[in-house]
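Turn this into a structure:
(one chain, ligands or ions: 2)
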Amino acid sequence: MKQVHVAVGVIVKGKQVFLTRRHSSAHQGGKWEFPGGKVESDETVAQALARELKEEVSIDILACTPFMEISHDYGDKQVKLDIFVVDQFIGEPNSLEGNEQQWFAISAINDLDFPAANLAIVEKLQVEFS
Ligand SMILES: Nc1nc2c([nH]c(=O)n2[C@@H]2O[C@H](COP(=O)(O)OP(=O)(O)OP(=O)(O)O)[C@@H](O)[C@H]2O)c(=O)[nH]1
Ligand SMILES: [Mg+2]
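Ligands and ions are numbered 1, 2, ... in the order given. Got it, this is the predicted structure:
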């Protein structure tokens, strides 16, 4: 099975993180996620991240830092998540696709329902932003 390369943005403000909820019909539907999406064949991961965060939550990235990479096999889909912390941006994130969205205290996201691949992200975030 081909691995899907995904650019993922962990949008932070102080000790808060911005999450959106995946549409119920999507892969891993109904779960909370970090905004992002597939890297197209003609773009770098940084370009994909900038494009996805603009399309999905309407912000312009000013600075981002590589955070971690996670490969995960969901059985029906293999993903490689290329994850960046985005802590400088223009605009206020707002889901253009009508998803549920919320700023959460990083210390309080343990009990949310995430795709399995995200658990390592949550763990590392809580170590570094608490
Ligand atoms: N955006 C995002 N995708 C994630 C996360 N965790 C995770 O396993 N994924 C998986 O990464 C894959 C691609 O993400 P996506 O569905 O956002 O891609 P996209 O925006 O290009 O969507 P589209 O092609 O449906 O329009 C999905 O299978 C999704 O389940 C996450 O935190 N954020
Ligand atoms: Mg997406």
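
what's S41 in contact with, if anything?
With contact set as Cβ atoms under 8 Å, 6 or more residues apart in numbering, S41 has no partners. In short, each C-beta sits where N, CA and C put it, glycine included.

So what's the residue count around the residue nearest to Q28 when sequence neighbours are not counted?
Computed as Cβ to Cβ, 6 or more residues apart in numbering, the closest residue to Q28 that is not its neighbour in sequence is P115, at 4.2 Å. Using other Cβ atoms under 10 Å, the number of residues around P115 comes to 19.

for L125, same thing?
L125 has 23 nearby residues by other Cβ under 10 Å.

what helix or strand is the residue of the chain found nearest ligand 1 on?
In the chain, no residue comes nearer to ligand 1 than G37, which is 2.4 Å away by Cβ to the nearest ligand atom. Element membership for G37 (DSSP states H and E) is strand 36-38.

And that strand, what's buried?
For strand 36-38, the neighbour count (16 or more other Cβ atoms under 10 Å) marks G36, G37 as buried.

follow-up on the earlier one: excluding its backbone neighbours, what's nearest the residue of the chain closest to ligand 1?
Closest to G37 by Cβ to Cβ, 6+ apart is E52, at 4.2 Å.

I'd like the mean pLDDT over the helix or strand harbouring the one you found, please.
Assigned by DSSP H and E, E52 belongs to helix 45-57. Helix 45-57 shows a mean pLDDT of 98.

Report all helices and strands that that helix contacts.
strand 3-13, strand 16-21, strand 36-38, strand 60-73, strand 78-90 (3 or more Cβ pairs under 8 Å, 6 or more residues apart in numbering; DSSP states H and E).
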